[in-house]
Structures are given as structure tokens and as C-alpha cells.
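how would this look folded up:
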Amino acid sequence: VHMTVDALPPCHSSLPPKETNVGILARAIDRLEKRPMPCHLDAYLNALASLSSELPWFLGMVLANLWLFKPLLKAVLLAQPMSAGVCRTSTAVTIVNAGEKINVIPGLAEAWINHRIHPDDINSDRVVAYDRKVIGDKRVKLKVNMDTYIPPSPVSAPDAETLHYLRATLQTALNVPAVPALMSGNTDTRWYWDLTPNIYRHSAVIFEKQDDAKMFHGLNERITGDQLAGLVHFYTCLMQGLGSMRA
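Modelled structure (predicted):
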């Protein structure tokens, strides 16, 4: 979403007005960050609940009694960027631009907001309407950049034969349980939407610690030798099994 403010003309910095385009834009950004999109917990909590038998007893008890612990789980999940990103449409201001000279108050301030739209929010119209409501200032103009817009991906079936086989292969090859969940990152699978209704994005890398998720496309991105060997073993088992299924 491209956000622009050009409500006031440019002027010299020696005579600053009470309000500037930069200030209006900054308040809009602050409001968006303080009031993120509503969350959609049910699918994620149901996925966690299906793992309750694999978790410590107290976590299993919490997941088995969502009627009581759902508010607590909501607070915990939304406090972590990794889990919050799959429970609601994300909001990230990625580019901010204003001004060209240090002594001129700019007549235009602009920013770009990157939203990863949750399937329950359907499309960009609903997201932009929420942004406008939160900002509450008609001087802030919002426009979806259709050159980069990608609609929410179709939701793959949670009971397809291929998913059952994928989960079974993980259990056999790596001895880990698996449940389907939403992936917030964009992938090249959008080119396959017209080919099949069921697309499962997965990489059989086991994190050694929770903070490892932060390294993807970040600092010190890496994989250990043991993880690489496990990855090769998993895909070997997967391809061999699929070959026997097709035979």
C-alpha cells in the first residue's frame, strides 16, 4: 500500500508551520503500528491442539481447554513476531521518503506498507479499509500498488492424501510430528495456483533454538551439517515413497 501526504505546500524551514506533511505521515504510521489488524486464532490453535499428545502435560492441558485458556494463548502468540505473523494480516512499513534539501519542509511525504494478507481477511479492500479507519485522517491517501500486489493464496485442503503422506514421511525420516499451518512468507508457489488446489510449503529444517527463525533472509543465515544431512534424507524418503505410490 502506497501512503502519501501532500496536504501542505513546501516552505522554508525558517518558518515552520504548526503541522507538516511529514508529521501527518508519522502519526499515521504510529497509529498503524499501535493498532495492527485483528487476529484469527482458531485455525492456528486447532493445529496446536492436534499436537497436544506430543507436548509436555501442562501445555497439552492448556490446548485441551481452549474455552478457558484462549485469552492467555492469544496474548502469548501475539507477543511473538513469528506466531503473530500467521494469526493476522501483518503490517510493516518498509519505505519512508520525504524531502530533498535540509532547509526545505517537503510538500510530499510518502511511505510504503507491506501487508501479508491473512486468508480470513479475503483481499486488499478489507485491509485498506481497516488502515483508513485506524489512521482516521483523510489527508493521508492510500493506494494499493497493483504492480506488486499478490492476493492471499488459496487454502490447501488439510485432509488431502499428499499431506497425509508428507506428515508420515516427516515422522519416519526425522521422527517429528507435523501439523498444517499458515505460512506468512511469499513463495514461488503462486505460479502453481492454476495447476493444483493443494500446495504445501515445507522445508525439513529443525531449528536448534527459537531465535534461529530470525536468521532467514537476515544476519548469519546458515544451516548446520547435521541439518543438511537430515534435509537430504527427508527428500530422499519423500521422492522414493512418491515413486512407489505412482507405480
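
Residue 152 is in contact with residue 122, isn't it?
Yes. If you go by CB atoms under 8 Å, residue 152 and residue 122 touch, sitting 7.2 Å apart. Glycine gets a C-beta too; all of them are placed from N, C-alpha and C.

higher neighbour count, these two?
Between residue 152 and residue 122, counted using other CB atoms under 10 Å, residue 152 has the larger neighbour count: 17 against 12.

Assign that one to helix, strand or coil.
coil (DSSP: H, G, I helix; E, B strand; the rest coil).

repeat for residue 47
When classified by three-state DSSP, residue 47 comes out as helix.

Touching, it and residue 179? I think so.
Yes. Because the distance of 4.4 Å satisfies CB under 8 Å, residue 47 is recorded as touching residue 179.

And the strands in this protein?
Using DSSP state E, the strands of the chain run over 2-5, 11-12, 90-98, 104-105, 109-116, 141-143.

Just checking: what are the partner strands of the fifth one?
Strand 109-116 pairs in its sheet with strand 2-5 (antiparallel), strand 90-98 (antiparallel), by DSSP bridges.

If we go by neighbour counts, what in it is buried?
Applying a neighbour-count criterion of 16 or more other CB atoms under 10 Å, one finds 109, 110, 111, 113, 115, 116 buried in strand 109-116.

Read off the pLDDT value for the fifth one.
Per-residue confidence for residue 115 comes out at a pLDDT of 94.

now it, which residues is it bridged with?
residue 91.

Who are the contact partners of it?
With contact taken as CB atoms under 8 Å, 6 or more residues apart in numbering, residue 115 is in contact with 1, 37, 89, 90, 91, 92, 124, 127.

of those, buried ones?
Buried by 16+ other CB under 10 Å: 1, 37, 89, 90, 91, 124, 127, out of the contacts of residue 115.

hmm, back to that, ok, the contacts of residue 115 vs residue 31, which is closest?
Ranked by distance to residue 31 (CB to CB), the contacts of residue 115 are led by residue 91 at 10.6 Å.

From residue 26, how far off is that closest one?
The gap separating residue 91 from residue 26 is 15 Å, by CB to CB, to the nearest Å.

same check, this time on residue 72
Taking CB to CB, one finds residue 72 at 34 Å from residue 26.

Name the residue in these two with the higher neighbour count.
Set side by side, residue 72 and residue 26 show more neighbours around residue 26, with 16 against 11, by other CB under 10 Å.

shaky segments in the protein?
Low-confidence segments of the chain, defined by pLDDT under 70: 210, 213, 245-247.

Do you have the helices of it handy? List them.
In the chain, the segments counted as helices under DSSP state H are 21-34, 42-49, 57-64, 66-79, 81-84, 124-135, 161-174, 225-246.
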